[in-house]
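> Okay, sequence plus prediction incoming.
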Amino acid sequence: EFIDHAMVYTLLHHTDPAYPIALCRHDAMTIPANRDAVNGYREARSGPVFWRSSGQLNMRYTSRRQHIIWRDDPLTREAVAALGEILSERSDLILRRRLKPGEGILCNNVLHRRDAFDNTLLESSNRLFYRGRFHDSLISQPASGQRACARVQ
């Protein structure tokens, strides 16, 4: 399941213009330090839910209840609750796709939900999963204003 984060931002703004502002604060959301990390200690990471970079709206969000700390003020709590309602109640905005063997998705960091993978549903219990992490957007905005795909090598 996928949903366009720009639509979510717009709906949140229509609910209350103060909500996206609260979620744009640099300390709106904190992922606590991971002292048990297999690959070493990771510091706590705080940041906004929504921010703009190179003119593009970005979003970082998790609906998990554990290992997340929200800014402790009434407006942020209301904004997070409203965001949760939008994500759970606006099924008309959700793109659903069950991937078949050999299929994949290449996209910018998009809001998504996924179900746990069940190997028992396959004839073979082998699963190959590639995950790439790129620091450049798949979509770039050239000076002409026309959208063009970012170069992929």
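Now that the structure is in, tell me what you want to look at.

> From Arg60, how far out is Leu23?
Distance of Leu23 to Arg60, given as Cβ to Cβ, to the nearest Å: 10 Å. All C-beta atoms are positioned from the backbone trio N, CA, C, and that covers glycine.

> Between those two, which has more neighbouring residues?
Leu23 (25 against 16; other Cβ atoms under 10 Å).

> right, and that one touches Pro48 too?
Yes - Leu23 lies in contact with Pro48 (Cβ atoms under 8 Å); the separation is 6.5 Å.

> shared neighbours of those two, anything?
Common neighbours of Leu23 and Pro48, using Cβ atoms under 8 Å, 6 or more residues apart in numbering, are Met29.

> tell me, what's touching Leu23 and Arg60 both at once?
Taking Cβ under 8 Å, 6+ apart as the contact rule, Leu23 and Arg60 both touch Met29, Pro48, Val49.

> ok, and the most crowded of those residues?
That'd be Val49 among the shared contacts of Leu23 and Arg60, by other Cβ under 10 Å, with 27 neighbours.

> and the residue lying closest to Leu99 once chain neighbours are set aside, which of the three is it?
Excluding its sequence neighbours, the residue lying closest to Leu99 (Cβ to Cβ, 6 or more residues apart in numbering) is Ile105, at 7.2 Å. Secondary structure assignment for Ile105 (DSSP: H, G, I helix; E, B strand; the rest coil): coil.

> my read: Ile105 touches Arg98, true?
No - between Ile105 and Arg98 there is no contact under Cβ under 8 Å: 11.5 Å.

> where does the nearest residue to Ala33 once chain neighbours are set aside land on pLDDT?
Leaving aside its sequence neighbours, Ala33 sits nearest to Ala44 (Cβ to Cβ, 6+ apart; 4.5 Å). Ala44 carries a pLDDT value of 88.

> and the gap between Ala44 and Pro32?
Counting by Cβ to Cβ, the gap from Ala44 to Pro32 is 5 Å.
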